[in-house]
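> Let's see this in three dimensions:
(one chain, ligands or ions: 1)
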Amino acid sequence: MVLLKLVKSTFSDVIPDLIKHSSNVTQWGLQRGTTILYIPYLPFNFFLEKNDLNSKQKNVISNISNLNKQTKMQATTKIVDNWKKVLNALKTNRNMGKLWSKAIEDHSEIDLEESKKLNDYRLAAHAFIWSKNDQSLWELSSKASIMMQMRFDGFIGFPGGLIDSTDASVVDGLNRELREEINLNEKYYITNENYFFSSVNHQRKIILHFYVKEVTQTELIGIEKAALDSHDYGTEVMGIIRPPLYDIKPGRGFNIFLQNQFVGNSLLQLLKTMSLLDILDNQTILKFIDSC
Ligand SMILES: O=c1[nH]cnc2c1ncn2[C@@H]1O[C@H](COP(=O)(O)OP(=O)(O)O)[C@@H](O)[C@H]1O
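Residues are numbered from 1 along each chain as shown. Here you go, the predicted structure:
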């Protein structure tokens with residue numbers, strides 16, 4: 001049986017619902033085995049203003065949901081203060097301070113709703129895919145595995161990229177980039193639930209949306225292996241890497257990693273996410289920055 005369903009909503013709005021109800025399709029009044037032909041609804045002006053980037057961008061960003069629940073819970077004053085201390089340590093570090101302050105000064109954090117008002121800005125989205133890690137090397141524990149990449153330009157960053165005018169939403173654009181760059185299986189696709197925070201670079205007129213997705217360690221290893229077969233592997237993406245979170249004295253481990261060149265504000269995204277999710281405690285992050 002084929003059911004034709006005309007839904008006045010966009011694709012990414014309805015898919016989570018379909019998935020949620022897939023184990024019990026009868027909630028939709030349907031028999032198991034029913035094929036649903038879904039026709040997404042797009043506002044009329046989407047077609048009229050096909051070449052108008054601004055209106056398309058509005059359409060794209062309207063699909064982002066609100067802040068991830070976990071961030072809301074964890075964004076207590078203490079955590080915000082911790083993050084300010086990290087920013088200050090980055091700026092005033094005697095060796096890397098100049099380089100890091102540039103990334104800090106060029107990018108400021110922006111509320112999602114505010115970002116929607118910046119109609120003529122380009123949008124990009126990147127993903128922090130990670131797992132808790134119970135592995136250890138000698139007596140060193142690494143706590144988490146975080147997926148980053150060595151880019152074609154020698155910078156380190158997260159997988160993701162610019163949202164195209166043809167992408168139906170920011171997450172659709174992000175998932176397209178993740179497919180191209182790391183061959184991400186669709187079962188791990190990013191959803192609005194994974195939204196974390198946004199930053200803006202006013203000089204370059206670009207808004208950077210950031211998403212966080214936690215998987216198990218076994219899943220992460222599978223994702224890393226699949227990345228070798230991606231379209232961009234060996235051209236745009238020179239390799240998938242995990243920041244070594246090890247604290248190795250003297251001055252080895254994560255603080256050596258921090259001396260790399262990071263694209264956009266990816267260094268801030270990395271440290272802020274680790275700080276907010278308590279992947280590394282603040283004292284440890286500060287110690288790493290200090291010993292660079
Ligand atoms: O991991 C990241 N975090 C934050 N910004 C990034 C990251 N990677 C790239 N960018 C910035 O995002 C924009 C798009 O770059 P990217 O190379 O990812 O897009 P593309 O793959 O669509 O060409 C650039 O302004 C770049 O500086």
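
> and the gap between the residue nearest to Asp134 when sequence neighbours are not counted and Leu270?
Leaving aside its chain neighbours, Asp134 sits nearest to Gln217 (7.3 Å; criterion: CB to CB, 6 or more residues apart in numbering). In this view, the C-beta of every residue, glycine as well, is placed from N, C-alpha and C. From Gln217 across to Leu270, the span is 19 Å (CB to CB, to the nearest Å).

> With neighbour numbers in mind, choose between the two.
Between Gln217 and Leu270, counting by other CB atoms under 10 Å, Leu270 is the more crowded of the two (21 against 15).

> wait, doesn't that one sit right on Pro243?
Yes - if you go by CB atoms under 8 Å, Leu270 and Pro243 touch, sitting 6.9 Å apart.

> how about the residue nearest to Asp134, what does it touch?
Applying CB atoms under 8 Å, 6 or more residues apart in numbering, we find Gln217 in contact with Ser131, Lys132, Asn133, Asp134, Gln135, Ser145.

> Just give me the longest helix of the chain.
In the chain, assigned by DSSP state H, the helix with the most residues is helix 77-92.

> now the contacts of Gln217 in CSV, with distance to the ligand and secondary structure?
Formatted as CSV, the contacts of Gln217 follow (distance: CB to the nearest ligand atom, whole Å; DSSP: H, G, I helix; E, B strand; the rest coil):
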residue, distance to the ligand, secondary structure
Ser131, 18, strand
Lys132, 22, strand
Asn133, 21, coil
Asp134, 27, coil
Gln135, 25, coil
Ser145, 17, strand
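
> got any residues that touch both of Leu270 and Pro243?
By CB under 8 Å, 6+ apart, the residues touching both Leu270 and Pro243 are Ile146, Met148.

> that older thread, buried ones in the longest helix of the chain?
Buried residues in helix 77-92, counted by 16 or more other CB atoms under 10 Å: Ile79, Asn82, Trp83, Val86, Leu87, Ala89, Leu90, Lys91.

> Next one: Ile156 from the ligand, what distance?
Relative to the ligand, Ile156 is positioned 8 Å away (criterion: CB to the nearest ligand atom, to the nearest Å).

> who's that residue bridged to?
Met150, Phe262 (DSSP bridges).

> May I have the residues that are in contact with it?
Ile156 makes contact with Met148, Gln149, Met150, Ile241, Asn260, Gln261, Phe262, Val263, Ser266, according to CB under 8 Å, 6+ apart.

> just Asn133 next, same as before
Ser141, Ser142, Lys143, Ala144, Ser145, Gln217.

> Helices - which of the residues you listed land there?
Gln217.

> Mind checking which of the contacts of Asn133 are buried?
Buried subset of the contacts of Asn133 (neighbour count, 16+ other CB under 10 Å): Ser142, Lys143, Ala144, Ser145.

> Between the contacts of Asn133, which sits nearest Lys287?
Minimum separation from Lys287 among those (CB to CB) is found for Lys143, which lies at 14.4 Å.

> right, and the closest one touches Leu280 too?
Yes - here Lys143 reaches Leu280: they are 6.9 Å apart, a contact under CB under 8 Å.

> quick one: Leu174 and Val80, what's the gap?
Distance from Leu174 to Val80, by CB to CB: 26 Å.

> let me redo that: Gln283
Per CB to CB, Gln283 is found 16 Å from Val80.

> ok, now Phe128?
From Phe128 across to Val80, the span is 19 Å (CB to CB).

> and the one helix or strand Arg179 maps to, what does it pack onto?
Element membership of Arg179, judged by DSSP states H and E, is helix 170-182. Secondary-structure packing of helix 170-182 (3 or more CB pairs under 8 Å, 6 or more residues apart in numbering; DSSP states H and E): helix 11-21, helix 53-61, strand 122-132, strand 160-162, strand 206-214, helix 217-227, strand 237-241.

> And the contacts of that helix?
Under CB under 8 Å, 6+ apart, the answer for helix 170-182 is 11-12, 60-61, 63-64, 123, 125-127, 147, 149, 159-164, 167, 184, 186, 189-192, 194, 209, 211, 223, 226-227, 230-232, 236-237, 240.
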